[in-house]
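S.K.: need a structure here:
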Amino acid sequence: MQTRHLVAALLLLLSACVTKPVIETITGKPIPESEVKATILALARGEWQTFGKQRVYWEDGVQVIKPVGLWEDDRLGSERVAEYWRVLDPDSKLTGMNCADPWSAAFISWVMIRAGVDPRQFTRSAAHRDYLKTIIAHADDPDFEFRPRAPTTMRRSPATSSAAGAAARGRSRTSARCPTMPNCIATSS
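M.R.: Sure, this is the predicted structure:
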(Lines give C-alpha, C1' and ligand atoms only; values in the text may rest on other atoms or scores of the structure.)
Protein backbone atom coordinates (compact mmCIF):
# COMPACT_ATOMS: atom_id res chain seq x y z
CA MET A 1 0.00 0.00 0.00
CA GLN A 2 2.79 2.38 0.90
CA THR A 3 4.55 1.65 -2.41
CA ARG A 4 1.38 2.49 -4.31
CA HIS A 5 1.17 5.89 -2.55
CA LEU A 6 4.84 6.54 -3.22
CA VAL A 7 4.42 5.74 -6.93
CA ALA A 8 1.31 7.95 -7.13
CA ALA A 9 3.16 10.80 -5.42
CA LEU A 10 6.13 10.43 -7.80
CA LEU A 11 3.84 10.44 -10.83
CA LEU A 12 2.08 13.54 -9.53
CA LEU A 13 5.43 15.25 -8.97
CA LEU A 14 6.67 14.31 -12.43
CA SER A 15 3.49 15.56 -14.06
CA ALA A 16 4.10 18.95 -12.43
CA CYS A 17 7.46 19.09 -14.21
CA VAL A 18 5.92 18.67 -17.65
CA THR A 19 5.45 22.08 -19.19
CA LYS A 20 2.58 22.77 -21.48
CA PRO A 21 3.50 24.21 -24.87
CA VAL A 22 3.13 27.97 -25.01
CA ILE A 23 0.29 28.97 -27.26
CA GLU A 24 1.20 32.29 -28.81
CA THR A 25 -2.11 33.11 -30.45
CA ILE A 26 -3.93 36.34 -29.68
CA THR A 27 -6.46 34.37 -27.59
CA GLY A 28 -3.91 32.19 -25.80
CA LYS A 29 -5.61 29.08 -27.15
CA PRO A 30 -5.74 27.42 -30.57
CA ILE A 31 -7.66 29.36 -33.21
CA PRO A 32 -10.09 27.25 -35.24
CA GLU A 33 -8.76 26.74 -38.76
CA SER A 34 -11.90 28.32 -40.21
CA GLU A 35 -11.11 31.57 -38.32
CA VAL A 36 -7.39 31.92 -39.09
CA LYS A 37 -7.74 34.05 -42.25
CA ALA A 38 -10.16 36.47 -40.56
CA THR A 39 -7.83 36.64 -37.57
CA ILE A 40 -4.85 37.48 -39.82
CA LEU A 41 -6.84 40.31 -41.39
CA ALA A 42 -8.13 41.56 -38.03
CA LEU A 43 -4.64 41.62 -36.52
CA ALA A 44 -3.13 43.46 -39.50
CA ARG A 45 -5.98 45.98 -39.54
CA GLY A 46 -5.66 46.44 -35.78
CA GLU A 47 -1.96 47.24 -36.08
CA TRP A 48 -2.68 49.66 -38.93
CA GLN A 49 -5.20 51.36 -36.64
CA THR A 50 -2.70 51.38 -33.76
CA PHE A 51 -0.21 53.18 -35.98
CA GLY A 52 -2.83 55.80 -36.93
CA LYS A 53 -4.30 54.44 -40.20
CA GLN A 54 -1.54 56.06 -42.23
CA ARG A 55 -1.91 56.16 -45.98
CA VAL A 56 0.98 56.92 -48.29
CA TYR A 57 0.31 58.32 -51.74
CA TRP A 58 1.67 60.74 -54.33
CA GLU A 59 0.01 64.07 -55.04
CA ASP A 60 1.46 66.42 -57.66
CA GLY A 61 4.80 64.61 -57.52
CA VAL A 62 5.06 64.86 -53.72
CA GLN A 63 4.75 62.00 -51.29
CA VAL A 64 1.86 62.58 -48.89
CA ILE A 65 1.20 60.68 -45.67
CA LYS A 66 -2.25 61.30 -44.21
CA PRO A 67 -2.97 61.04 -41.47
CA VAL A 68 0.44 61.15 -39.88
CA GLY A 69 0.12 58.68 -37.06
CA LEU A 70 2.48 56.79 -34.83
CA TRP A 71 6.00 56.14 -36.13
CA GLU A 72 8.13 53.14 -35.31
CA ASP A 73 10.78 55.30 -33.66
CA ASP A 74 8.28 57.08 -31.41
CA ARG A 75 8.20 55.68 -27.89
CA LEU A 76 4.84 53.91 -28.31
CA GLY A 77 5.58 52.72 -31.85
CA SER A 78 8.98 51.46 -30.79
CA GLU A 79 7.44 49.43 -27.97
CA ARG A 80 4.96 47.93 -30.44
CA VAL A 81 7.75 46.93 -32.85
CA ALA A 82 9.60 45.34 -29.92
CA GLU A 83 6.62 42.99 -29.52
CA TYR A 84 7.07 41.82 -33.12
CA TRP A 85 10.74 41.06 -32.50
CA ARG A 86 9.98 39.17 -29.27
CA VAL A 87 7.77 36.66 -31.10
CA LEU A 88 10.97 35.58 -32.89
CA ASP A 89 13.24 35.83 -29.83
CA PRO A 90 11.70 36.34 -26.38
CA ASP A 91 15.01 37.86 -25.21
CA SER A 92 15.26 40.32 -28.12
CA LYS A 93 16.22 43.87 -27.23
CA LEU A 94 15.32 45.18 -30.71
CA THR A 95 12.69 47.92 -30.97
CA GLY A 96 11.57 50.41 -33.58
CA MET A 97 14.58 52.50 -32.59
CA ASN A 98 16.87 49.88 -34.19
CA CYS A 99 16.54 51.36 -37.66
CA ALA A 100 19.31 49.26 -39.19
CA ASP A 101 17.20 46.15 -38.49
CA PRO A 102 14.14 46.12 -40.78
CA TRP A 103 11.19 44.76 -38.84
CA SER A 104 8.64 44.02 -41.57
CA ALA A 105 9.28 40.25 -41.60
CA ALA A 106 9.11 40.20 -37.79
CA PHE A 107 5.72 41.92 -38.11
CA ILE A 108 4.50 39.33 -40.64
CA SER A 109 5.70 36.56 -38.31
CA TRP A 110 3.92 38.21 -35.37
CA VAL A 111 0.65 38.38 -37.32
CA MET A 112 0.85 34.79 -38.55
CA ILE A 113 1.78 33.33 -35.17
CA ARG A 114 -0.78 35.37 -33.24
CA ALA A 115 -3.44 34.40 -35.81
CA GLY A 116 -2.77 30.72 -35.22
CA VAL A 117 -1.23 29.80 -38.57
CA ASP A 118 0.11 26.26 -38.38
CA PRO A 119 3.93 26.46 -37.93
CA ARG A 120 4.29 23.79 -40.64
CA GLN A 121 2.65 26.24 -43.04
CA PHE A 122 4.64 29.34 -42.10
CA THR A 123 8.32 29.74 -41.18
CA ARG A 124 8.73 32.48 -38.61
CA SER A 125 11.73 34.62 -39.44
CA ALA A 126 13.27 38.07 -39.38
CA ALA A 127 13.81 37.70 -43.14
CA HIS A 128 11.02 37.50 -45.72
CA ARG A 129 13.10 35.13 -47.85
CA ASP A 130 12.78 32.34 -45.25
CA TYR A 131 9.01 32.03 -45.28
CA LEU A 132 8.89 32.74 -49.02
CA LYS A 133 11.32 29.84 -49.64
CA THR A 134 8.98 27.57 -47.68
CA ILE A 135 5.97 28.73 -49.67
CA ILE A 136 7.79 28.29 -53.00
CA ALA A 137 9.10 24.85 -51.98
CA HIS A 138 5.49 23.73 -51.36
CA ALA A 139 3.99 25.34 -54.46
CA ASP A 140 2.69 22.00 -55.76
CA ASP A 141 1.66 20.59 -52.37
CA PRO A 142 -2.16 20.45 -52.27
CA ASP A 143 -2.08 20.35 -48.45
CA PHE A 144 -0.11 23.59 -48.20
CA GLU A 145 -2.28 26.66 -47.52
CA PHE A 146 -0.09 29.32 -49.14
CA ARG A 147 0.67 29.68 -52.84
CA PRO A 148 3.37 31.75 -54.49
CA ARG A 149 2.08 34.21 -57.08
CA ALA A 150 3.88 36.34 -59.62
CA PRO A 151 3.65 40.03 -58.64
CA THR A 152 2.14 40.78 -62.05
CA THR A 153 -0.94 38.68 -61.14
CA MET A 154 -1.65 40.59 -57.93
CA ARG A 155 -4.06 43.50 -57.73
CA ARG A 156 -2.22 46.53 -56.42
CA SER A 157 -3.90 49.17 -54.36
CA PRO A 158 -3.05 52.87 -54.58
CA ALA A 159 -1.32 52.61 -51.20
CA THR A 160 0.97 49.73 -52.18
CA SER A 161 1.59 51.24 -55.61
CA SER A 162 2.64 54.60 -54.21
CA ALA A 163 4.76 53.03 -51.48
CA ALA A 164 6.53 50.82 -54.03
CA GLY A 165 7.01 53.83 -56.30
CA ALA A 166 8.36 55.93 -53.45
CA ALA A 167 10.85 53.25 -52.50
CA ALA A 168 11.96 52.86 -56.12
CA ARG A 169 12.50 56.59 -56.39
CA GLY A 170 14.28 56.72 -53.00
CA ARG A 171 11.68 59.13 -51.64
CA SER A 172 10.25 57.39 -48.61
CA ARG A 173 9.61 59.43 -45.47
CA THR A 174 12.53 59.06 -43.13
CA SER A 175 12.93 59.79 -39.48
CA ALA A 176 15.37 62.20 -37.90
CA ARG A 177 16.76 59.31 -35.82
CA CYS A 178 16.89 56.94 -38.80
CA PRO A 179 17.65 59.13 -41.80
CA THR A 180 18.49 56.28 -44.18
CA MET A 181 15.57 53.97 -43.47
CA PRO A 182 12.04 54.37 -44.87
CA ASN A 183 9.72 55.00 -41.99
CA CYS A 184 6.17 54.22 -43.05
CA ILE A 185 3.69 51.39 -43.03
CA ALA A 186 2.07 51.00 -46.43
CA THR A 187 -1.37 49.46 -46.26
CA SER A 188 -4.26 48.86 -48.55
CA SER A 189 -7.87 49.10 -47.53
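S.K.: contacts for the strand or helix carrying A44?
M.R.: Using DSSP states H and E, A44 sits within helix 36-50. Under the contact criterion Cβ atoms under 8 Å, 6 or more residues apart in numbering, helix 36-50 has outside partners 25-26, 31, 54, 70, 80, 107, 111-112, 114-117, 185, 187. (C-beta placed from N, C-alpha, C; glycine too.)
S.K.: just give me the closest of those residues to D89.
M.R.: Set against D89, the nearest of the contacts of helix 36-50 by Cβ to Cβ is F107 (14.3 Å).
S.K.: now the closest one, nearest residue through space, not along the chain?
M.R.: Excluding its sequence neighbours, the residue lying closest to F107 (Cβ to Cβ, 6 or more residues apart in numbering) is Y84, at 4.7 Å.
S.K.: then I135?
M.R.: In space, I135 is closest to F146, 4.6 Å off (Cβ to Cβ, 6+ apart).
S.K.: just to revisit the earlier point, what's the residue nearest to F107 sitting at in phi/psi?
M.R.: Main-chain torsions, Y84, degrees, to the nearest 10: phi -60, psi -40.
S.K.: for I65, same thing?
M.R.: With angles defined as degrees, to the nearest 10, I65 sits at phi -120, psi 110.
S.K.: check V64 too.
M.R.: With angles defined as degrees, to the nearest 10, V64 sits at phi -120, psi 140.
S.K.: any idea how far the closest residue to it other than its chain neighbours is from D140?
M.R.: If the residues on either side of it in the chain are set aside, V64 comes closest to Y57, at 5.6 Å by Cβ to Cβ, 6+ apart. When Cβ to Cβ, to the nearest Å is the yardstick, Y57 and D140 sit 38 Å from each other.
S.K.: more crowded one of those two?
M.R.: Using other Cβ atoms under 10 Å, the more surrounded residue of Y57 and D140 is Y57, with 17 against 7.
S.K.: could you list every helix and strand that the helix or strand hosting that one packs against?
M.R.: Assigned by DSSP H and E, Y57 falls within strand 55-59. In this structure, strand 55-59 makes packing contacts with strand 62-66, helix 158-169, judged by 3 or more Cβ pairs under 8 Å, 6 or more residues apart in numbering; DSSP states H and E.
S.K.: in terms of mean pLDDT, which of those ranks lowest?
M.R.: Note on the helices and strands packed on strand 55-59: helix 158-169 shows the lowest mean pLDDT, a mean of 46.
S.K.: which stretches of this structure have low pLDDT?
M.R.: Low-confidence segments of the chain (pLDDT under 70): 1-23, 155-189.
S.K.: can you do 90?
M.R.: Filtered on pLDDT under 90, the chain yields the residue ranges 1-30, 33, 56-57, 66-68, 73, 98-100, 119-120, 145-189.
S.K.: can you pull out the helices in it?
M.R.: 2-17, 36-50, 75-88, 104-114, 128-137, 158-169 (DSSP state H).
S.K.: what distance do you get for A139 to F146?
M.R.: 9 Å.
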